[in-house]
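All I have is the shape, not the residue letters:
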């Protein structure tokens, strides 16, 4: 599989995942072929790993996720950022950014009622 095809498969799967989360089960479209999605993941990982770009890609993803959350001049130095349900609903990438930062150990999310607090770990 070529890298462009792998990226298209992964983007289509991510679009399906985002859209179907808001639909009733009987209205959801079909997920793509899981085997093809797995091959696409391997293709992208293999393309990044040998060139040493994996660390750079993670760093760029970290910085981008932080910048999406920390808008309006706020920074992770503040250590926490409170987002409302409306803010999260208005930006389809916020949940993905939060999940990425939690996965990387850069921040944790605390969900309470109608708000979500993103707490950034102190930089060492």
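Arrived safely. Quick caveat: nothing in here was measured; it's all calculated off a predicted structure. Numbering: from 1, shown residues only.

Provide the contact partners of stretch 65-72 at residue level.
With contacts defined as C-beta atoms under 8 Å, 6 or more residues apart in numbering, stretch 65-72 is touched by 76, 78, 81, 83, 91, 93-94, 96-98, 100-101, 106-107, 118, 120. For glycine as for every other residue, the C-beta is placed from the backbone atoms N, C-alpha and C.

Greatest separation within the residues you listed: which pair is it?
Among the contacts of stretch 65-72, the pair separated by the greatest distance (C-beta to C-beta) is 78 and 96, at 21.4 Å.

From the contacts of stretch 65-72, keep the buried residues only.
76, 81, 83, 94, 96-98, 100-101, 106-107, 118, 120 (16 or more other C-beta atoms under 10 Å).

Sort out which of the residues you listed are in strands and list them.
81, 83, 107, 118, 120 (DSSP state E).

distance of the third one from residue 57?
Separation of residue 107 from residue 57 (C-beta to C-beta, to the nearest Å) stands at 19 Å.
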